[in-house]
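Peer 1: sequence and predicted structure are below.
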Amino acid sequence: MTRVINAGRLTFAALSVSNYRRYYGGQAISQIGTWMQMTAQSWLVLSLTHSSTALGAIVALQTLPVLLLAPYGGVIADRVNKRRMMIMLQSAMGLQALALGLLTVTGAVRVWQIGVLAALLGLNNAFENPSRQSFMLELVGPEHLRNAVSLNSVMVSCARAIGPAIAGLLIAGVGDGVCFLLNAASFVAVVASLVTMDRSALNPTEPTPRAKGQLREGLRYVRRTPALAIPLLMMGAAGCLAYEFQVSLPVMASRGLDVGATGYGFMTAAMGVGAVLGGLLMAARGKTGLRPLIVASCAFGVALALAALAPDLPLELAALAFAGGASITFMSTGNSTLQLTAEPAMRGRVMSLWFVAFQGSTPIGAPIVGLVTAALGARAGLGLAAVTCLVVGALGLATLRRLSGASRLAPRVATTGP
């Protein structure tokens, strides 16, 4: 019994921080709404256009601002009070969801409107996400950072399991628009958690004074720090082609397995269930560094290959659960490694590049996955993702060996006695 209690304390250590508990609860509600909206938006676009290419284009519109502006969002995050920035931008995200919901329930929604609202949401994300990512260390401190990042991944994964399943049932029962309206309401919880937080218990980073060339300074800093550059490059490649589930899963559900909206919801939920288990394992026993990141990338690739080849829904759900665990391990390991390695004054800029690598690459990857799926079939999108992760793991391993070899061959400075 004592061993179980100690394991629980280790797994949920960050929840001992009262501000983090408050923030965690608000984010949990908001993330369920966000996954409901993501599921409903993908299904709505596919229903209106019957085109995987159009779906990829909408996803690209939502993430293009991240690619273009998130690095500058990181500069702003290093300059401002991150909590206040999050309050303002989370409120704006709620208004975007409300507008999309009202257009949909009134029957006035058109594809171009979805595209415009998706682009506005992406613009918001480009500035909100770097602040949110770098705020975590201020919230829990370095002692609990890895645990907090892993628990955040678990929370997102639970939302991924709950939100799409609810969305699938709502789409089948009352339509897409209700999902967007519920997401708008969910932002009240996260904004309230930020407003009511005990500010005296936070450990805010001293804002960086405004100066010219801060974005270039951040890029140079990452380039000369391999412990930052390599994980970012690995996530950039995987984020571009492996994480395009908004494109690949709806097509796999509707055309590859013929299971409809409800089956699509359960497929996304299966990934969430696997991610919860993987996230809890990371919270208790996870490690940071390049080697664990390589292992996670290879496991992710194998899981995606199984998902691409699954002949029916039960085997697809099992493969996607495995993929969910591997994907969250890959993301959490990379995120924690970057935050613990980056200098405090650079953390916002470093985490903005992480966000660009993860989501900003989608404007490139989503249309590619959409075109590949349209040309080669519903399973081709997941197959491309599997190959990408395996190649990323192999290149990461080759880079690690090269760095280790260079370290061994580096000349040693001789020391002499007094």
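Peer 2: Perfect, thanks for sending it.

Peer 1: Gly25 and Thr333: what is the separation?
Peer 2: For Gly25, the distance to Thr333 (Cβ to Cβ, to the nearest Å) stands at 25 Å. Quick note: C-beta positions are derived from backbone N, CA and C, even for glycine.

Peer 1: these two: who's more crowded?
Peer 2: Neighbours were counted for Gly25 and for Thr333 using other Cβ atoms under 10 Å; Thr333 has more, 28 against 15.

Peer 1: the more buried one in helix, strand or coil?
Peer 2: helix (DSSP: H, G, I helix; E, B strand; the rest coil).

Peer 1: residues touching it, list them.
Peer 2: Counting by Cβ atoms under 8 Å, 6 or more residues apart in numbering, Thr333 makes contact with 282, 286-289, 292-293, 296.

Peer 1: rerun at 6 Å
Peer 2: Contacts of Thr333 were listed using Cβ atoms under 6 Å, 6 or more residues apart in numbering, and they are 292-293, 296.

Peer 1: OK, contacts around Phe358?
Peer 2: Going by Cβ under 6 Å, 6+ apart, the list of residues near Phe358 reads 235, 239.

Peer 1: ok, now with 10 Å
Peer 2: By Cβ atoms under 10 Å, 6 or more residues apart in numbering, the contact set of Phe358 is 63, 66, 70, 129, 232, 235-236, 238-240, 243, 331, 334-335.

Peer 1: ok, now Ala326?
Peer 2: Neighbours of Ala326 in contact, by Cβ under 10 Å, 6+ apart: 274-275, 278, 295-304, 389.

Peer 1: Gly94: which of the residues you listed is nearest?
Peer 2: Ala275 (24.9 Å; Cβ to Cβ).

Peer 1: assign that closest one to helix, strand or coil.
Peer 2: Per three-state DSSP, Ala275 ends up helix.

Peer 1: wait, isn't it in contact with Ala303?
Peer 2: No - between Ala275 and Ala303 there is no contact under Cβ atoms under 10 Å: 11.2 Å.

Peer 1: so which of those two has more stuff around it?
Peer 2: Set side by side, Ala275 and Ala303 show more neighbours around Ala275, with 30 against 26, by other Cβ under 10 Å.

Peer 1: relative to Ala299, how far out is the more buried one?
Peer 2: 13 Å.

Peer 1: overlap in contacts, these two.
Peer 2: In contact with both Ala275 and Ala299: 323, 325-327, 329, using Cβ under 10 Å, 6+ apart.

Peer 1: so of these, which ones are in helices?
Peer 2: If you go by DSSP state H, those have 323, 325-327, 329 in helices.

Peer 1: quick revisit: most neighbours among the contacts of Thr333, please name it.
Peer 2: Neighbour max across these (other Cβ under 10 Å) = Ala296, 28 neighbours.

Peer 1: in which helix or strand does it reside?
Peer 2: helix 290-309 (DSSP states H and E).

Peer 1: list the buried residues in that helix.
Peer 2: Judged by neighbour count (16 or more other Cβ atoms under 10 Å), helix 290-309 contains these buried residues: 290, 292-308.

Peer 1: same question, stretch 383-394
Peer 2: For stretch 383-394, using 16+ other Cβ under 10 Å, the buried residues are 383-386, 388-390, 392-393.

Peer 1: which one of those is nearest Trp354?
Peer 2: Closest to Trp354, out of all of those and judged by Cβ to Cβ, is Val392, at 15.1 Å.

Peer 1: residue ranges with poor pLDDT in the protein?
Peer 2: Low-confidence segments of the chain (pLDDT under 70): 1-10, 157, 284, 286, 360, 405-418.

Peer 1: go with 50
Peer 2: 412-418 (pLDDT under 50).

Peer 1: which residues are common contacts for Ala275 and Ala303?
Peer 2: Shared contacts of Ala275 and Ala303, counting by Cβ under 10 Å, 6+ apart, come down to 320-321, 323-327.

Peer 1: measure stretch 196-215 end to end?
Peer 2: End-to-end distance for stretch 196-215, by Cα to Cα, to the nearest Å: 32 Å.

Peer 1: tell me how far that stretch is from the chain's mean position?
Peer 2: In this view, stretch 196-215 has its centroid 23 Å away from the chain centroid, taken as Cα atoms, centre = their mean, to the nearest Å.

Peer 1: contacts for that stretch, please.
Peer 2: 17-20, 22-23, 26, 71-72, 74-83, 87, 134-135, 137-142, 217, 220, 344-349, 352.

Peer 1: quick one: buried ones out of those?
Peer 2: Buried among those by 16+ other Cβ under 10 Å: 17, 19-20, 22-23, 26, 71-72, 74-79, 81-83, 87, 134-135, 137-140, 345-349, 352.

Peer 1: which pair of the ones in helices among the shared contacts of Ala275 and Ala299 spans the longest distance?
Peer 2: Ala323 and Thr329 (10.7 Å).

Peer 1: got any residues that touch both of those two?
Peer 2: By Cβ under 10 Å, 6+ apart, the residues touching both Ala323 and Thr329 are 275, 278, 299-300.

Peer 1: most widely separated two among those?
Peer 2: Ala275 and Ala299 (12.8 Å).

Peer 1: and Gln37, how far from Leu382?
Peer 2: 23 Å.

Peer 1: more neighbours: which of these two?
Peer 2: Ranked by neighbour count (other Cβ under 10 Å), Gln37 and Leu382 place Leu382 first, with 30 against 27.

Peer 1: which residue packs closest to that one, ignoring adjacent ones?
Peer 2: Ala308 (3.8 Å; Cβ to Cβ, 6 or more residues apart in numbering).

Peer 1: list the residues that contact that neighbour.
Peer 2: Going by Cβ under 10 Å, 6+ apart, the list of residues near Ala308 reads 248, 252, 256, 316, 319, 378-387.

Peer 1: go again using 8 Å as the cut-off
Peer 2: 379-380, 382-383, 385-386.

Peer 1: nearest to Pro164 among these?
Peer 2: Distances from Pro164 to the contacts of Ala308, taken by Cβ to Cβ, are shortest for Leu382, at 16.7 Å.

Peer 1: which ones are touching the closest one?
Peer 2: 248, 252, 304-305, 307-308.

Peer 1: do that again at 10 Å, thanks
Peer 2: 242, 244-245, 248-249, 251-252, 256, 303-310, 316, 319-320, 323, 369, 373.

Peer 1: and Gln359, how many neighbours does it have?
Peer 2: Neighbours of Gln359 (other Cβ under 10 Å): 23.

Peer 1: quick one: it from Thr288, how far?
Peer 2: Distance from Gln359 to Thr288, by Cβ to Cβ: 21 Å.
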